[in-house]
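1. this one's sequence-less:
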C-alpha cells in the first residue's frame, strides 16, 4: 500500500502558488483496509475516504471506462492491482497528472513538468474526449493561469472542438456547468474562460445568445473585467458585466437554465435596470426614492453598494456622482416609521408620511 499526493497540489507547488487543498491517491489498498485504518468512506461512485485526523481526501487508484453520455457515464475499476501510472493516465491534463511520493520524489510519466515549463495545457490521452466537462475545466485552467502565460496545446484545442460538435455538452447538468462558471469568476479572469469557450466553439452550445454578442462586445467586456479585478470587485459584479449586453429575455433564460444564485442574478438585473438612471446628469428626489425602494436599501443596504460597484466597473470608474448618491441614500435611511408613530400618525398614513419624508430628505441632499 503506497500513498501519493496528486493533482492540483503538486501542480501548484511547482508553480509556486499557495496550495489550498491536498488530495491523495492510494495504490494497492482495498476498501476494507482503508476502513480498518480509520478512514471514513464518502465516495459513492468510487471509493474516496477522509483521513481520520486531517480530513483530507484519499482515493483508491482507479481506471475509468466510458459507457454512457456525459461526465458521469463511466465505469470505474479500483482493484488493488491498479498502478499509479494507470490512475494518472485517466486524468485530464499532463500538469494534473504528476504525483509526489512520501519522500517528496515526483512521479511524472506524461511530461507534466515539461509542460509546466512550456506553460502548456495538454491532454494526457485520447480518452480526454470522453468527458465533456473537460472542455469547461480546461477553459477554467487557462483562465486561472492566464497571468503566467499558459496556453492550450493545439491538439487539445482540437479535441475540445470535437467535444463541442459531438452533442456531449448537452449531457452536462446545468448545476455542473454553473459550478465551472463560478470557479472561473472566483479566479478573476472570466473573460479568458469565455473567450476559450468561444474559441473551441462550445460557447454557442452552452449560451448561444452570449456567443453572438461576444464577437462584438469582447474588448469592452474585457476592459470592464480587468477594471473589476484590479479594483477587487466581487464575482457577482463581474458576472453582471457579462450579462449586461444581453436582452432581458436572454438574461432570464441563462439564470433559469443554469440555476444562477440570486446574489448573481439580482445584481445583474439591477445593473441592467438602473444603469441608465445612474448615468443621468441630474436626478430627482422621486427617482432616487424609487430606486432605493426597488433595491430595498432599508433592509438590504448592501444592494446599493453592490450596484454602485457594478456601475463603476461598467463605466471603468467614471461615476463622479457616486458620493452624492450614497449621501442621498444615507439621508433617506435616517427617516423611519418610528418618527411618525411618535407623532401620533397611524395606519396607512404612516407609509404615506414615510415616503414623503424620505423624498424630502433626498431633496435636501440634492439641493444646490
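-> Alright, I've got the coordinates. From a predicted model like this one, the values you see are computed outputs, not experimental measurements.

2. Where does the most centrally placed residue in the chain fall, secondary structure wise?
-> Geometric centre of the chain, nearest residue: residue 182, 1.5 Å, by Cα atoms, centre = their mean. Secondary structure assignment for residue 182, by DSSP states H and E: helix 174-187.

3. Give the buried residues for that helix.
-> 177-178, 180-185, 187 (16 or more other Cβ atoms under 10 Å). For every residue, glycine as well, the C-beta is placed using N, CA and C.

4. Tell me where the stretch 51-200 of the chain has helices.
-> Along the stretch 51-200 of the chain, the stretches classed as helices by DSSP state H, counting those that start in this stretch are 84-89, 112-118, 133-144, 154-166, 174-187, 190-199.

5. where are the low-confidence patches of the protein?
-> Where the chain drops to pLDDT under 70, the residues are 44-45, 66-74.

6. how's it carved up into domains?
-> Domain assignment for the chain by automatic domain parsing gives 1-115, 119-206, 271-366.

7. Give me whichever of those is most buried.
-> Neighbour counts (mean count of other Cβ atoms under 10 Å) averaged over each of the domains of the chain peak at domain 119-206, with a mean of 19.

8. just to revisit the earlier point, is the residue nearest to the centre of the chain in contact with residue 258, as I believe?
-> No: judged on Cβ atoms under 8 Å, residue 182 makes no contact with residue 258 at a distance of 9.8 Å.

9. List the buried residues of the lengthiest helix in the chain.
-> Identified as the longest helix of the chain according to DSSP state H is helix 208-230. The neighbour-count criterion (16+ other Cβ under 10 Å) identifies 209-211, 213-214, 217, 221-222, 224-225, 227-229 as the buried residues of helix 208-230.

10. Can you spell out which helices and strands pack onto it?
-> helix 190-199, helix 203-206, helix 235-243, helix 248-258, helix 302-314 (3 or more Cβ pairs under 8 Å, 6 or more residues apart in numbering; DSSP states H and E).

11. Now distance to residue 335 too, for those helices, in a markdown table please.
-> A markdown table is the format used below for those (distance: least, Cβ to Cβ, whole Å):
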| stretch | distance to residue 335 |
| --- | --- |
| helix 190-199 | 39 |
| helix 203-206 | 46 |
| helix 235-243 | 29 |
| helix 248-258 | 32 |
| helix 302-314 | 16 |
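
12. The residue nearest to the centre of the chain: what's its closest spatial neighbour, skipping adjacent residues?
-> residue 235 (7.1 Å; Cβ to Cβ, 6 or more residues apart in numbering).

13. what's the one you found in contact with, if anything?
-> Residues in contact with residue 235 (Cβ atoms under 8 Å, 6 or more residues apart in numbering) are 182, 185-186, 264.

14. Now distance to residue 122 too, for these, in a markdown table please.
-> Shown next, in a markdown table, are the contacts of residue 235 (distance: Cβ to Cβ, whole Å):
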| residue | distance to residue 122 |
| --- | --- |
| 182 | 26 |
| 185 | 25 |
| 186 | 25 |
| 264 | 33 |
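
15. Next, give me the two most distant ones among these.
-> Greatest spatial distance among these (Cβ to Cβ): 186 and 264, at 11.8 Å.

16. which ones are touching residue 223?
-> So residue 223 contacts residue 316 (Cβ under 8 Å, 6+ apart).

17. and with 10 Å instead?
-> When contacts are counted by Cβ atoms under 10 Å, 6 or more residues apart in numbering, residue 223 touches 191, 241, 313, 316.

18. Residue 220 now?
-> Listed by Cβ under 10 Å, 6+ apart, the contact partners of residue 220 are 241, 244-245, 314, 316.

19. Also residue 58?
-> 3-4, 22-26, 29, 34, 37, 39, 47-51.

20. So what pairs up with it in the strands?
-> Using DSSP bridges, the bridge partners assigned to residue 58 are residue 24, residue 49.

21. Residue 191 contacts residue 227, doesn't it?
-> No: at 11.3 Å, residue 191 does not count as touching residue 227 under the criterion of Cβ atoms under 10 Å.

22. List of residues touching stretch 149-159?
-> So stretch 149-159 is in contact with 15, 92-95, 115-116, 118-124, 126, 128-129, 134-135, 138-139, 141-145, 160, 192, 196, 199-201, going by Cβ under 10 Å, 6+ apart.

23. Repeat the analysis, applying 8 Å as the threshold.
-> In contact with stretch 149-159 (Cβ under 8 Å, 6+ apart) are residues 93, 119-123, 126, 128-129, 138, 141-142, 160, 196, 199-200.

24. and if you look at stretch 285-297?
-> Contacts for stretch 285-297 (Cβ under 8 Å, 6+ apart): 270, 273-274, 277, 280, 298, 303-304, 307, 325, 328-329, 332-333, 355, 358-360, 362-363, 366.

25. again, only using 7 Å
-> With contact meaning Cβ atoms under 7 Å, 6 or more residues apart in numbering, stretch 285-297 is reached by 270, 274, 277, 303-304, 307, 328-329, 332-333, 358-359, 362-363, 366.

26. returning to that earlier point: specify the angle between the helix holding residue 182 and helix 248-258 in degrees.
-> 110 degrees (axes from the mean of the first three to the mean of the last three Cα atoms, to 10 degrees).
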